[in-house]
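J.: Model the following, please.
(chains A and B)
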Amino acid sequence: MLLKEVIYLMQKDFVLEWRQKYAFNGMLLYVGSTVFICYLSFSLRFGGLEVPVWNALYWIILLFTAVNAISKGFAQESRGRLLYYYSVVSPQGVILAKMIYNAALMLVLSLLCFAFYTVVIGNPVQDVGMFLLTIVLGAIGFASSLTMISGIAAKAANTGTLMAVLSFPVMVPMLLMLMKMSKNAIDGLDPSVSLDEALTLLAINMIVVTVSYILFPYLWRS
Amino acid sequence: MKLTWWKWLTVALLLYTVVGGMLSDVPRLAILNETIRNLFFHVPMWFGMILILLVSVVYSIKYLRNPLSRNDIIANEAAKVGILFGVLGIVTGMEWARFTWGEFWSNDPKQNASAIGLLIYFAYLILRGSFQDHQQRARISAVYNIFAFAALIPLLFILPRLTDSLHPGNGGNPGFNAYDMDSSLRAVFYPAVLGWTLLGIWVVHLRSRLEVLKQRFYENA
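T.: Next comes the predicted model:
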């Protein structure tokens, strides 16, 4: 029952996204222009980036993209439509569907960001497989924690500021783990070195998903 | 003024902490020297903060199960007192770090973690401020409080242990662990933790009583 709901709601989100392509294109342009601005502000003067700077910059671009992309998840739903969902589906279905959808969205955005970043700024990554795994974990992590926060922020008056203020401290542990893991991948270290970080990331993700699953019904009620 | 037994206990414990903490004999350790007395004032702040924030989260959970405005008030006041303890903990820690590590802020994982923890609760206060409706404010901030606390736990307890820290007891630094903390330190340290935490609970108690009375006053006015 829940599974059917989740699949159905996800389909709805994908269809909506496909119909309003301007929103998705807007995000692509956001990623693209941010990367280009970074290129202009760093590379012209120094000719190439140091590896730690490359790594930090990549994740910071992704962080801001994620906050922007996911914050519209709940804000774009009209009041009437939310009321309609409320009477038809369970809140757990809504939050799970949104999380999975946002994870897919983040995955696409971060892969495109990586590709564009490679073209414009250069690619020092030695272990691409590991780096891609980091991106997948990062996309899931960003999506799961930001979905809940966007639900909270959408209820309040100044959604934009609140989204950033509420989400940054929550995401810091995740971001630190991701940066460390991707640094290992860039340096081409053995995958076993990153095992600790990967497990911690998975654990944080599980905590966040479970807590959101339990708490979302209370948020939904208002 | 009516004082129950635990309030007398708080006063007694804190008097003991201040007098004992300043005057008792402490072990002479290299670098630390007399600054080891900060153990009685800095470390209990963190114990107190965690316990009082735990109170806040418990009352947030209580509010979600049973939406009484009293539960919300206690959760809010406890969060504020928790922030006060956190700020005091950071200030006492920075002052101490200036003389033992050489800098106010030395990018230590525990320092960073505590700063981020404080950011979470400042965000909680901002979130509370951005609602007009009382019930909505109470419920949504309770949801954020629980969510943020669940995200804070791995931060405070797991991350510093994964990386090297300048703090005693982490990454091979000499610390106040089993073999270093001798009985004269313990004799003051444990009462200090209890005393400061009780003081925090006292403040929460007073402030939430005041808030409840204020609300009742405005409802009847």
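J.: can the biggest helix by length in chain A be found next to chain B?
T.: Ranked by residue count and defined by DSSP state H, the top helix of chain A is helix A:91-120. No - Helix A:91-120 stays clear of chain B (Cβ under 8 Å from any Cβ of the partner chain), getting no nearer than 11.8 Å. Placement of C-beta: from N, CA and C, glycine included.
J.: centre of the chain versus that helix, how much separation?
T.: 6 Å (Cα atoms, centre = their mean, to the nearest Å).
J.: need the next SSE after that helix, C-terminal direction.
T.: helix A:128-155 (DSSP states H and E).
J.: Mind giving me the packing neighbours of the longest helix of chain A?
T.: Applying 3 or more Cβ pairs under 8 Å, 6 or more residues apart in numbering or on different chains; DSSP states H and E, we find helix A:91-120 packed against helix A:2-19, helix A:21-46, helix A:51-75, helix A:128-155, helix A:195-220.
J.: Let me have these in CSV, adding mean pLDDT and mean neighbour count as columns.
T.: Shown next, in CSV, are these (pLDDT from 0 to 100; neighbours: other Cβ atoms under 10 Å in any protein chain shown):
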stretch, mean pLDDT, mean neighbour count
helix A:2-19, 82, 14
helix A:21-46, 82, 14
helix A:51-75, 85, 19
helix A:128-155, 89, 23
helix A:195-220, 86, 18
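J.: got these as JSON lines, with distance to chain B columns?
T.: Formatted as JSON lines, the helices and strands packed on helix A:91-120 follow (distance: least, Cβ to the nearest Cβ, whole Å):
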{"stretch": "helix A:2-19", "distance to chain B": "21"}
{"stretch": "helix A:21-46", "distance to chain B": "23"}
{"stretch": "helix A:51-75", "distance to chain B": "12"}
{"stretch": "helix A:128-155", "distance to chain B": "5"}
{"stretch": "helix A:195-220", "distance to chain B": "5"}
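J.: Which other helices and strands does the helix ranked longest in chain B contact?
T.: Criterion DSSP H: the longest helix present in chain B is helix B:183-220. Where contact means 3+ Cβ pairs under 8 Å, 6+ apart, helix B:183-220 is packed against helix B:5-23, helix B:43-65, helix B:69-100.
J.: Which among the ones you listed is found nearest to residue A:8?
T.: helix B:43-65 (27.9 Å; Cβ to Cβ).
J.: Who are the packing partners of that closest one?
T.: So helix B:43-65, by 3+ Cβ pairs under 8 Å, 6+ apart, packs with helix B:69-100, helix B:134-157, helix B:183-220.
J.: picking that back up, including distance to residue A:171, mean pLDDT and mean neighbour count, could the helices and strands packed on helix B:183-220 go into a markdown table?
T.: Formatted as a markdown table, the helices and strands packed on helix B:183-220 follow (distance: least, Cβ to Cβ, whole Å; pLDDT from 0 to 100; neighbours: other Cβ atoms under 10 Å in any protein chain shown):
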| stretch | distance to residue A:171 | mean pLDDT | mean neighbour count |
| --- | --- | --- | --- |
| helix B:5-23 | 38 | 81 | 15 |
| helix B:43-65 | 19 | 89 | 22 |
| helix B:69-100 | 20 | 87 | 20 |
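J.: Turn the ones you listed into TSV, including distance to residue B:121.
T.: Shown next, in TSV, are the helices and strands packed on helix B:183-220 (distance: least, Cβ to Cβ, whole Å):
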stretch	distance to residue B:121
helix B:5-23	24
helix B:43-65	7
helix B:69-100	5
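J.: how near is the residue lying closest to residue A:202 once chain neighbours are set aside to residue A:201?
T.: Distances taken as Cβ to Cβ, 6 or more residues apart in numbering or on different chains put residue A:137 closest to residue A:202, at 7.4 Å, once the chain neighbours are dropped. Residue A:137 is 5 Å from residue A:201, where distance means Cβ to Cβ, to the nearest Å.
J.: Quickly list what's touching both of the two.
T.: A:178, A:181 (Cβ atoms under 8 Å, 6 or more residues apart in numbering or on different chains).
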